[in-house]
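1. Sequence and predicted structure, then a few things I'm wondering about:
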Amino acid sequence: MGKRTERKKSLNRDYEGYLFIAPACFLIFLFGIFPVFYTLYISLFKWRIKRGSFLGLRNYADLFGSYGLLLLLLAVVLAIIGGTLLLNRREKLNEMHPGTGSTGLSLGGRVLQIAGWAGLLLLLPLFYSRGDDKLLDSLRVTIWYSLGTVPFQLLFGLTLSIMLNRDFKGRQVFRVIYLLPYVVPSVAAATVFERLFSLRPESFANQVMQSLGKAPLQWLQEPKGLLTLWFGWGTGEGYIQSWLQGPSLALATIMIFNWWVFAGYYALIFSNGLSQIPTQLYDAAKVDGAGFWTTLRKVTIPMLSPTTFFLTMLGIIGTFKAFNQIYILRNPAARGAADPLSIQIFFTFFRKSRFGYASAMALILFTIVLALTVLQRRLMSKDVHYGD
Amino acid sequence: MEIRPKRRITEILFLSVLVLGAFVALMPFLYMISNSLKTYGETVTRVSSNPFSPRFWPRKLQWGNYLIILKDDSMGRYFFNSLIIALVTVSGIIVTSSLAAYGFSKMRFPGRDRIFTVLLVTLMIPETVLLIPNFLIISSFRWVDKLHALTIPFMGSAFFIFFLRQFFKQIPDALMEAAKIDGASHFTILVRIMVPLIKAPLFTVFFLAFNGSWNALQWPMVVTQSEKWRPISVAVAKYVTEAGPETQLRMASAMVALAPILVIFLIAQKQITEAITNTGMKG
């Protein structure tokens, strides 16, 4: 008995453990944590390869137009955060003492949130006209990129997974084929797509256009937006006009690459989710006389909502971080119409050697990714709804 | 009697969608293979959007294309650079991550869980944010253009620690206790008892880490200035974005760049499909 407690005690304090975690922790600290603070430091300087003069928040002010606009941005962001915190507080209070009068909190929270978002929307055109339009242009490209990839990947993935989710010979063959685009190095795959969607008449994409009786397109080299090409929208100047153009054809072609890479991967993750749905639910649906579409709408899709949610967030955060495929597929002829924020930051640093300015941009990207991740965590912990 | 034919039709419909999906997934690979073996003239004139047409394929297989890119364009050298970089990185990741995962799951010391949480937070930091400061750090170490710069910064990975820790946690402590009574140290327990039990997850780490290192582009582009340690990803990216080379050579270089991953994937397809579907849910 005595020996056992002694051993337990020694188990409780294994100082040797520090030795075990030391190599990994040291590396992660040096190359993963410390650099975040270092970026912040660099962003406060004029820094071209070597450190120059201290600028304070000048780089940020240049990005958004002026110190005044930067201050307004800060106010707006604080309003959104504050509103959310107030609403949280109310929810907690409500949990502890249901029905107590906390309408003040909830009203204040809502007002702050709405005012914050409205302010942000009103500020965007100002940032665009006064600040560095590269920032908002590339941010718009990133948002289009998310909107144009994630929903389609979900749709294709779900479709394939439903068809894949039955026992039949050769199922594993399909799984392997669907995962191939995801597994192979994106640099190599993008190299192939760069040729498939070349503007030359003999390229694969233009051969397909020809067999459909259509004129060849510029694909990756077309800076014009889809909505401009189709409906002639967004030809004027200004921020709202820039949105009306829609994603450029160059960007849309990169989206097609993304669909190709991720549809199969999404399908496999979805079929993982499908296999966890209890079969009794399907039996019950059958007894109730539900057809294929009803079962899909009332059983499959609601039961898959955690998977769908996971893939949505993974996809959105992924598009904000994406680099390799865009670096290969972007073409100077598209004049930046397919350059998201990550590419813009890279060129500001690597080609223009503006370390300080690029660091400020990188921290803006980081803030957005951080906000999305926090949002994901919050929504995840709130339990995704299983339908009504 | 009414259901039967309807069922048959859905069955055929489902299968044709699956086949169509597989066709789309494979199409770029077929294009790559066929065009890597064409002459320059054939890539312009002998074209088709239909892989079943003979015009999609070369008249005579031009293996010489591969010789040109491997020797004249030094892709062979870059290939071996990548191989060395990937193997060194992966070895480092496996050593540091299994040590740390063992520490975080099987040993008790003050602050353990807090440190682990901090490590997990690093997972959400985009690579682009770390690029500039890390370049300055590496420069101050005078590591630019050296193997160190391409391998050491990647050797600590919160993701793989997290991944392996889950498997260590599933191993019952009783196994350790028995070994401890026999006077085994933690290190012996890790190497002799734990590692043999987590061979499959370690292979997954190997594959994912190898793939990550092989596909890395942004960081190697920044820290390799000469061709001494230039990896194949950077070489292919340069090859493509500098717009010089002809289609058949680009396709041959893409083929070389994805060959090792393809081979490992096809050999261990069952385990890798399983691993990716599962880590996807957890990572």
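-> It's in. Numbers count the residues shown, from 1 in each chain, chains lettered A, B, ... in the order given.

2. Nearest residue to residue 226 in space, please, no chain neighbours.
-> All of this refers to chain A. residue A:246 (4.2 Å; C-beta to C-beta, 6 or more residues apart in numbering or on different chains). (C-beta placed from N, C-alpha, C; glycine too.)

3. Switch to chain B, please.
-> Counting by C-beta to C-beta, 6+ apart, the nearest residue to residue B:226 once its immediate chain neighbours are dropped is residue B:145, at 5.6 Å.

4. Let's verify the residue nearest to residue A:226: helix, strand, or coil?
-> The assignment at residue A:246 comes out as coil when based on DSSP: H, G, I helix; E, B strand; the rest coil.

5. so is the residue nearest to residue B:226 in a helix, a strand, or just coil?
-> Following three-state DSSP, the label given to residue B:145 is coil.

6. Name all residues that make contact with whatever residue of chain A ends up closest to chain B.
-> Closest contact between chain A and chain B, by C-beta to the nearest C-beta, is at residue A:27 (2.8 Å). Under the criterion of C-beta atoms under 8 Å, 6 or more residues apart in numbering or on different chains, the contact partners of residue A:27 comprise B:96, B:152, B:153, B:155, B:156.

7. Give me the neighbour count for the fourth one.
-> One way to gauge burial is a neighbour count; for residue B:155, by other C-beta atoms under 10 Å in any protein chain shown, it gives 23.

8. Surely it and residue B:94 touch.
-> No - if you go by C-beta atoms under 8 Å, residue B:155 and residue B:94 don't touch, sitting 9.5 Å apart.

9. where do the helices sit along the stretch 101-250 of chain B?
-> If DSSP state H, counting those that start in this stretch is used as the criterion, the helices of the stretch 101-250 of chain B fall at B:112-121, B:127-140, B:147-151, B:158-170, B:173-181, B:186-188, B:195-197, B:199-215, B:218-223, B:232-241, B:247-267.

10. Mean pLDDT lowest where, among those helices?
-> Summarising mean pLDDT across the helices of the stretch 101-250 of chain B, the least confident stretch is helix B:173-181, with a mean of 86.

11. Distance from that helix to the middle of the chain?
-> How far helix B:173-181 lies from its chain's middle: 36 Å, per C-alpha atoms, centre = their mean, to the nearest Å.

12. Equivalent analysis for stretch A:67-75, please.
-> That offset, for stretch A:67-75, works out to 25 Å (C-alpha atoms, centre = their mean).

13. Where does the prediction get shaky in chain A?
-> For chain A, residues meeting the criterion pLDDT under 70 lie at A:1-12, A:99-102, A:381-388.

14. Could you pick out the longest helix of it?
-> Looking only at chain A and at elements set by DSSP state H, the helix with the highest residue count is helix A:133-164.

15. Quick check: which helices or strands does it pack against?
-> Judged by 3 or more C-beta pairs under 8 Å, 6 or more residues apart in numbering or on different chains; DSSP states H and E, the packing partners of helix A:133-164 are helix A:103-130, helix A:171-183, helix A:239-244, helix A:249-274, helix A:305-321, helix A:341-350, helix B:3-36.

16. Now do the buried residues in stretch A:301-311.
-> When burial is assessed from 16 or more other C-beta atoms under 10 Å in any protein chain shown, stretch A:301-311 yields the following buried residues: A:302, A:303, A:304, A:306, A:307, A:308, A:310, A:311.

17. JSON lines please, covering those residues and showing distance to chain B.
-> Output for those, formatted as JSON lines (distance: C-beta to the nearest C-beta, whole Å):
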{"residue": "A:302", "distance to chain B": "18"}
{"residue": "A:303", "distance to chain B": "15"}
{"residue": "A:304", "distance to chain B": "13"}
{"residue": "A:306", "distance to chain B": "9"}
{"residue": "A:307", "distance to chain B": "8"}
{"residue": "A:308", "distance to chain B": "13"}
{"residue": "A:310", "distance to chain B": "7"}
{"residue": "A:311", "distance to chain B": "8"}
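
18. out of those, who's nearest residue A:207?
-> residue A:311 (32.8 Å; C-beta to C-beta).

19. how's the chain carved up into domains?
-> Using chain A here. A:66-130, A:132-381 (automatic domain parsing).

20. you looked at the wrong chain, it should be chain B
-> With automatic domain parsing as the reference, chain B has domains B:3-62, B:69-282.

21. Which of the ones you listed sits closest to residue A:315?
-> In this view, those are compared for proximity to residue A:315 by C-beta to C-beta, and domain B:69-282 is the closest at 11.6 Å.
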